[in-house]
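Student: Below is the structure, and that's it, no one-letter string:
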């Protein structure tokens, strides 16, 4: 009997193979895996920390590794990160395990951008802020907390899924052919870098 973890690890190879077969190749990979864990650092278990790293970094690692042989010059890899890897303030909910895993994801993006640059493949990350969820979807923070945090966003609103999709589409486009190893924040100004 195959172990559940090894079956999960085989999923990336299967997904990439099925996509390449169905479409005659692969041009773009978008990795948007993970979940929000707001457990305080002191209460995190080894298993919870491992689960965040596995779901976020592990999924990207296996998908990208499987996709690389399928991507030719002009290929694109886009990872979806999160503001939690950049925002550490007392007025914004922190997510220690998720933040660490997403920060590691962004490091993998930059390392892979260097490796794949000579082959003409770009690798970038989109970093969403607070984004509106579908009705009934799991929410990591309650509506009252979300409203208080939204009030501190310079553009004064939470983002829409289309806001994130537009950034992903840009990185996947020919217009982004000379952009690699970058993180694009789509957060209404929640994270402003000096």
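Tutor: That came through fine. Note that this is a predicted model, so its numbers are computed, not measured.

Student: so what does the helix or strand where residue 105 lies touch, helix or strand wise?
Tutor: Using DSSP states H and E, residue 105 sits in helix 96-116. Judged by 3 or more Cβ pairs under 8 Å, 6 or more residues apart in numbering; DSSP states H and E, the packing partners of helix 96-116 are helix 46-53, helix 59-67, strand 76-80, strand 122-128. From N, CA and C alone the C-beta is placed, and that goes for glycine too.

Student: For residue 90, find the nearest of these.
Tutor: Of all those, strand 122-128 sits nearest to residue 90, with 20.9 Å by Cβ to Cβ.

Student: Which pLDDT value belongs to the residue nearest to the spatial centre of the chain?
Tutor: By Cα atoms, centre = their mean, the mean C-alpha position of the chain lies nearest to residue 80, the distance being 2.1 Å. Per-residue pLDDT puts residue 80 at 98.

Student: got the contact list for it?
Tutor: Contact analysis of residue 80 by Cβ atoms under 8 Å, 6 or more residues apart in numbering lists 30-32, 34, 125-126, 128, 164, 168.

Student: let's see it at 10 Å
Tutor: Listed by Cβ atoms under 10 Å, 6 or more residues apart in numbering, the contact set of residue 80 reads 30-34, 56, 60, 102, 105, 125-128, 164, 167-168, 186.

Student: Kindly report the same for residue 113.
Tutor: Residue 113 neighbours (Cβ under 10 Å, 6+ apart): 77, 121-125, 179-182.

Student: go with 6 Å
Tutor: Contacts here follow Cβ atoms under 6 Å, 6 or more residues apart in numbering; on that basis residue 113 touches 123, 180-181.

Student: thinking again about what came up before, rebuild the helices and strands packed on helix 96-116 as TSV, extending it with distance to residue 17.
Tutor: Shown next, in TSV, are these (distance: least, Cβ to Cβ, whole Å):
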stretch	distance to residue 17
helix 46-53	25
helix 59-67	8
strand 76-80	17
strand 122-128	21
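
Student: Quick check: which of those is nearest to residue 149?
Tutor: Each of these was scored for nearness to residue 149 using Cβ to Cβ, and the closest is strand 122-128 (13.8 Å).
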